[in-house]
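Chemist: give me a model of this one.
(one chain, ligands or ions: 2)
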Amino acid sequence: MEHVIEMKDLKKSFGDKNVLNGISLSIPKGTIFGLLGPNGSGKTTTLRILSCLIEPTSGEVTILGHQISKHKEEIRKKIGCVTESPGVYDKLSVLDNLEFFAACYQIPKAKRASRIEFLLRQFDLWERRNDPAGRLSKGMKQKLSIICAILHDPEVLFLDEVTANLDPVSIRKLKDLIREWAASGKTIIMSSHILTEIDELCHEFAIIKGEVIRLTTPQKFREEWSTYNVILDVGADLQKSEQIIKEAKEVEAYKRVENQFHLRIADPETANPQLVKKLVAADVTVKYITPLSVSLEDSYLSLLDQEKEAI
Ligand SMILES: Nc1ncnc2c1ncn2[C@@H]1O[C@H](COP(=O)(O)OP(=O)(O)O)[C@@H](O)[C@H]1O
Ligand SMILES: [Mg+2]
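Modeler: Numbers count the residues shown, from 1 in each chain. Ligands and ions are numbered 1, 2, ... in the order given. You can find the predicted model right below:
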């Protein structure tokens, strides 16, 4: 598999404070990768190193085949980053900000105007193009810094809490765009506190606390932390069903919740049909059998609780 980003034993200290204690991650092309962790866990620091804004204390990063310690200029041309504080110039107009960034990225003059107009329209900022950036609302400024980051159509994007300050409609649009970028082969690393965002967007994510404490996918993580994963509704046939469920080898654990059963089934895809067969053979009416999903937020908070106990 082609890894667009490779971090090897990345460490960072500020003075005598160790912030990153050895982060190693490999991220394949076209992935939306999430960075999750409590405040101060090193997400922004990691993204700033990847964006060539600060140096790691030790360790190496390779982005698109270039080592960050040797080829920052090459890397900078191919990446875009949206950091926590929008790096736009308040006194310059929206258009002038973009012209400035376009010149920095050496976007050919013939292409600049159309690219800028396309993006300003896509982010609903075209009407505000002549306003000084300082007069924009926080959310609009955030959109402007997103446009600045993607102006040169980078192959790799680093997004630090990118939906902060955006309204729900803009968030929805941005999520769709992030998915489109990934589908077209761009690789994205995003940090977020908003677990539904990680859940909806990310193919894979790491929970970090100075080091990687979990590397997983939203689905795997939810499954790992849910005691029950299947809901079974058998209408009125509760007692007969309970006897079958108790004896069925497919069911690892169960509990009755009002008129339903919550079941723990190791491999639902193969085991559910077998269980349904047994119930139907005993003349039970199976109304429905459906996955029981635990939210990513519940799973994440349980993991952090467990980590606390372990310390
Ligand atoms: N320039 C800096 N100087 C000193 N400490 C810093 C600096 N940047 C970040 N830190 C510290 O590093 C830790 C991790 O910060 P950060 O990467 O911003 O965390 P996160 O983005 O996960 O909330 C925090 O304790 C923060 O205070
Ligand atoms: Mg941060």
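Chemist: contacts for stretch 108-116?
Modeler: With contacts defined as C-beta atoms under 8 Å, 6 or more residues apart in numbering, stretch 108-116 is touched by 95, 98-99, 102, 107, 147, 151. For glycine as for every other residue, the C-beta is placed from the backbone atoms N, C-alpha and C.
Chemist: give the buried residues for that stretch.
Modeler: Within stretch 108-116, the residues that count as buried by 16 or more other C-beta atoms under 10 Å are 112, 115-116.
Chemist: stretch 302-311 now?
Modeler: For stretch 302-311, a neighbour-count test (16+ other C-beta under 10 Å) marks residue 303 as buried.
Chemist: gap between it and the chain center?
Modeler: In terms of C-alpha atoms, centre = their mean, to the nearest Å, the centre of stretch 302-311 is set 22 Å apart from its chain centre.
Chemist: what are the buried residues along stretch 70-81?
Modeler: For stretch 70-81, a neighbour-count test (16+ other C-beta under 10 Å) marks 75-76, 79-81 as buried.
Chemist: stretch 161-171 too?
Modeler: Neighbour-count burial for stretch 161-171 flags 161-163, 165-166, 170-171 (criterion: 16+ other C-beta under 10 Å).
Chemist: quick one: least confident of those?
Modeler: Lowest pLDDT of those: residue 165, 87.
Chemist: one step back: redo the buried residues of stretch 108-116 as JSON lines? Include distance to residue 48 and pLDDT.
Modeler: Putting the buried residues of stretch 108-116 into JSON lines (distance: C-beta to C-beta, whole Å; pLDDT from 0 to 100) gives the following:
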{"residue": "112", "distance to residue 48": "28", "pLDDT": "94"}
{"residue": "115", "distance to residue 48": "26", "pLDDT": "96"}
{"residue": "116", "distance to residue 48": "26", "pLDDT": "97"}
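Chemist: how is this structure divided into domains?
Modeler: For the chain, automatic domain parsing gives the domain ranges 3-218, 227-291.
Chemist: for the residue in the stretch 101-250 of the chain that ligand 1 sits nearest to, give me the pLDDT.
Modeler: Relative to ligand 1, the nearest point of the stretch 101-250 of the chain is residue 191 (6.4 Å; C-beta to the nearest ligand atom). pLDDT, residue 191: 96.
Chemist: surely it touches residue 164?
Modeler: No. Judged on C-beta atoms under 8 Å, residue 191 makes no contact with residue 164 at a distance of 10.5 Å.
Chemist: find the nearest non-adjacent residue to the residue of the chain found nearest ligand 2, please.
Modeler: Per C-beta to the ion, residue 44 is where the chain lies closest to ligand 2, at 3.2 Å. Distance criterion C-beta to C-beta, 6 or more residues apart in numbering; nearest residue to residue 44, sequence neighbours excluded, is residue 160 at 5.6 Å.
Chemist: name the nearest residue to the residue nearest to the spatial centre of the chain, sequence neighbours excluded.
Modeler: Centroid-nearest residue in the chain, with C-alpha atoms, centre = their mean: residue 34, separated by 3.2 Å. Distances taken as C-beta to C-beta, 6+ apart place residue 205 nearest to residue 34, at 3.2 Å, with adjacent residues excluded.
Chemist: what residues does the stretch 1-150 of the chain have near ligand 1?
Modeler: By the rule C-beta under 6 Å from any ligand atom, the part of the stretch 1-150 of the chain lying against ligand 1 is 14, 17, 19, 37, 39-45.
Chemist: residue 77 and residue 105 touch, don't they?
Modeler: Yes. Using C-beta under 8 Å, residue 77 makes contact with residue 105 at a distance of 7.3 Å.
Chemist: intersection of neighbour lists for those two?
Modeler: residue 152.
Chemist: counting neighbours, which of the contacts of stretch 108-116 comes out on top?
Modeler: Highest neighbour count within these: residue 98, with 27 neighbours (other C-beta atoms under 10 Å).
Chemist: so it sits in a helix?
Modeler: Yes. Remark: residue 98 belongs to a helix, assigned using DSSP: H, G, I helix; E, B strand; the rest coil.
Chemist: distance of it from ligand 1?
Modeler: To ligand 1, residue 98 is 27 Å away according to C-beta to the nearest ligand atom, to the nearest Å.
Chemist: residues in contact with residue 244?
Modeler: 275, 278-279, 282, 284 are the contacts of residue 244 under C-beta under 8 Å, 6+ apart.
Chemist: let me redo that: residue 254
Modeler: Neighbouring residues of residue 254 by C-beta under 8 Å, 6+ apart: 228, 245-246, 261-264.
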